[in-house]
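A.B. asks: Sequence unavailable; structure follows:
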Ligand SMILES: Cc1ncc(C[n+]2csc(CCOP(=O)(O)OP(=O)(O)O)c2C)c(N)n1
């Protein structure tokens, strides 16, 4: 299987393969890559300073998130993972919503109930993330079934890591999607690790993309640090799904530059030389060179943009930090639509006795 | 009014609701062409088509997981798990996803899914076609757990479940799928969750049960009556939420409480009922609260009639409590 690559690490590209994107599109993509990177820097710093409890960094994987989500329509559905904050930004989730969740404050859409980085935003069809690995794959399949049942022209895109491909739900989801020929795209961000385990401990298969064949549909491998390739693969397969062509599995080959989460120390299981090698393949670096070569970005514009993104991120974080913690009653609401007697009683007791 | 047994009632109720609500879909193993291994979905594929009555691949996690994704997109899926004993591949989906989605999304993504599943012993099914493991699910905030013991209640509870905006595990006591018929009204009616049914009024002992065991309990109540012990029998019908009020009201009158279930004793739901009652009405109690339950062994095959509490074992416990 040949890996789709358009824009190489040195900024050289194959003009024959360039996707059909306007100058505005390209610059918008770049802005979002920068935004995700700046957001990650801030998120890590906030956790290190003890201002938020937990963070998951996606540095190095920006092109997968932005490239794939860029190919979606606004009425499409996404089931992301905790490493896909760029998908939220790109689809228009206000940044404050993202920081409110990290701070688990009173304005958090998730009402302070979840560990940081577990976002969700109904208005933009972004389904709330949970921690269990790979569970969202079957939900995405169900949504795709419902779409087909209702004859809508909506595509469901779901993201997951290489570790997720070892779970039962990876199999049952792809199998189900294949059997019913559903309008869905499975996007595996193969960042080479699942916490400490290299991808070779997840599969003896030559690659992940080829696993699609055993479910009766197409799998494609792309350079996940090449946003043009990611976009092209996603666009082609999303269009295919929309026009009744069934599911596709995309494997984006990328690298998790940081630790698994703020609770992880990657020096225990990988060499710095490997990290250095991947640094040279950075998705933002090469896209910047590309835009400069095309005359769409100058050094000065780049610096300005980076500063703007950084300011926006920092200011929004400050706003979220000011918000009070959630009210006690939010612990008991939304367990069910209406509170059953036993929860009412527990809440009443808590309010009365204060502990 | 038609005389229907429990499984016919489930079938009829699904059909009626599917005629009313185009968003209701059914999915599961063998539910389509075959009409379900117990025939609960017989004829539905012919009437509603194979897109709406979906024969899925053999994968419980995908059945429940897909139902979640369908519900998020606005469908009202009714998933069938062929036997409760085979629900465990979907346990993660039920406990970590289905039951948590509304809460963890801050109310953005409610999951109105009904999971129907035949459960319980007494059909010579052996270990893997017999168990009553309702307690695993009652222990899960975010889920409702329901089990009818009569055709009338099956319809009313199933309609309520299918119209809820929360997930419901609808447990069907397969031993009594065909053992009793009663008049089931054709019109639309519902039975609310959390309201018990008074099966027999009595004055000496309160006996609480659910599912197929309600009928075994009725036999035990008759035996006790012969000995001059008057037993009040309560069918909980829904286990979460459960009608504690009805239990307490009865216990205040009788001063004695026995809970009978097929499930194993340790960690069984009977323990919760006993704890709730002792926390609230201990002053009324004239005897210890006692449980009659399946033994704490795996479910047997050859000896299932001894494993499952027979009326005589319930009677023994009734005697102990009455003569304490
Ligand atoms: C079912 C399950 N098992 C274990 C974990 C703990 N855990 C959290 S993330 C993770 C690794 C996931 O790796 P991968 O799918 O490759 O995604 P990545 O984190 O690399 O993006 C593990 C083991 C979990 N969340 N869920």
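C.D. replies: Ah, there it is. This one's a predicted model, so the numbers in the text were calculated from it and none came from an experiment.

A.B. asks: Any idea how many residues pack against the residue in the stretch 201-324 of chain B that chain A sits nearest to?
C.D. replies: Residue of the stretch 201-324 of chain B nearest chain A, by Cβ to the nearest Cβ: residue B:241 (4.0 Å). To be clear about C-beta, it is placed using only N, CA and C from the backbone, and glycine gets the same treatment. For residue B:241, the count of nearby residues is 21 (other Cβ atoms under 10 Å in any protein chain shown).

A.B. asks: From residue A:259, how far off is it?
C.D. replies: To residue A:259, residue B:241 is 44 Å away according to Cβ to Cβ, to the nearest Å.

A.B. asks: Please apply the same query to residue A:273.
C.D. replies: Applying Cβ to Cβ to residue A:273 and residue A:259 gives a distance of 17 Å.

A.B. asks: what are the ranges of the helices in the chain?
C.D. replies: Just going to use chain A. All helices of chain A, identified by DSSP state H, fall at A:23-48, A:62-69, A:85-91, A:95-103, A:135-149, A:168-180, A:227-242, A:272-279, A:283-293, A:299-322, A:341-353.

A.B. asks: That was the other one, I meant chain B.
C.D. replies: Counting by DSSP H, the helices of chain B are B:6-20, B:44-48, B:60-72, B:91-92, B:101-104, B:134-138, B:151-163, B:213-226, B:244-254, B:269-281, B:304-307, B:311-322.

A.B. asks: Could you export those helices as TSV, including distance to residue A:134 and mean neighbour count?
C.D. replies: Listed next are the helices of chain B as TSV, based on distance: least, Cβ to Cβ, whole Å; neighbours: other Cβ atoms under 10 Å in any protein chain shown:
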stretch	distance to residue A:134	mean neighbour count
helix B:6-20	31	21
helix B:44-48	31	17
helix B:60-72	10	30
helix B:91-92	9	17
helix B:101-104	16	24
helix B:134-138	22	20
helix B:151-163	28	23
helix B:213-226	38	21
helix B:244-254	39	19
helix B:269-281	31	17
helix B:304-307	37	15
helix B:311-322	45	19
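
A.B. asks: out of those helices, which comes closest to residue A:21?
C.D. replies: helix B:60-72 (30.4 Å; Cβ to Cβ).

A.B. asks: Let me see the domain layout of chain A.
C.D. replies: A:23-324, A:327-355 (automatic domain parsing).

A.B. asks: tell me the average confidence for the first one?
C.D. replies: So the one you mean is domain A:23-324. The average pLDDT within domain A:23-324 is 98.

A.B. asks: Could you confirm whether it reaches the ligand?
C.D. replies: Yes - using Cβ under 6 Å from any ligand atom, domain A:23-324 reaches the ligand at A:83, A:131-133, A:160-164, A:191, A:193-195, A:256, A:260.

A.B. asks: mind checking the end-to-end distance for that domain?
C.D. replies: 42 Å (Cα to Cα, to the nearest Å).

A.B. asks: so how far is it off the chain centroid?
C.D. replies: In terms of Cα atoms, centre = their mean, to the nearest Å, the centre of domain A:23-324 is set 2 Å apart from its chain centre.

A.B. asks: Does it reach chain B?
C.D. replies: Yes - for domain A:23-324, a contact with chain B is found by Cβ under 8 Å from any Cβ of the partner chain, at A:77, A:108-111, A:113-114, A:118, A:120-122, A:127-128, A:130, A:132, A:135, A:137-147, A:149-150, A:156, A:168-169, A:172-173, A:175-176, A:179.

A.B. asks: quick one, what contacts the closest residue to the ligand within chain A?
C.D. replies: Residue nearest to the ligand within chain A: residue A:161 (2.1 Å; Cβ to the nearest ligand atom). Residue A:161 makes contact with A:81, A:83, A:133, A:188-191, A:194 under the criterion Cβ atoms under 8 Å, 6 or more residues apart in numbering or on different chains.

A.B. asks: Same question for residue B:168.
C.D. replies: Going by Cβ under 8 Å, 6+ apart, residue B:168 touches B:113-115, B:143-146, B:161, B:193.

A.B. asks: Who is it paired with across the strands?
C.D. replies: Beta-bridge pairing for residue B:168 (DSSP bridges): residue B:114, residue B:144.

A.B. asks: any idea how far it is from residue B:94?
C.D. replies: For residue B:168 relative to residue B:94 (Cβ to Cβ), the value is 11 Å.

A.B. asks: Return every residue with contacts to both of these two.
C.D. replies: B:115, B:143.
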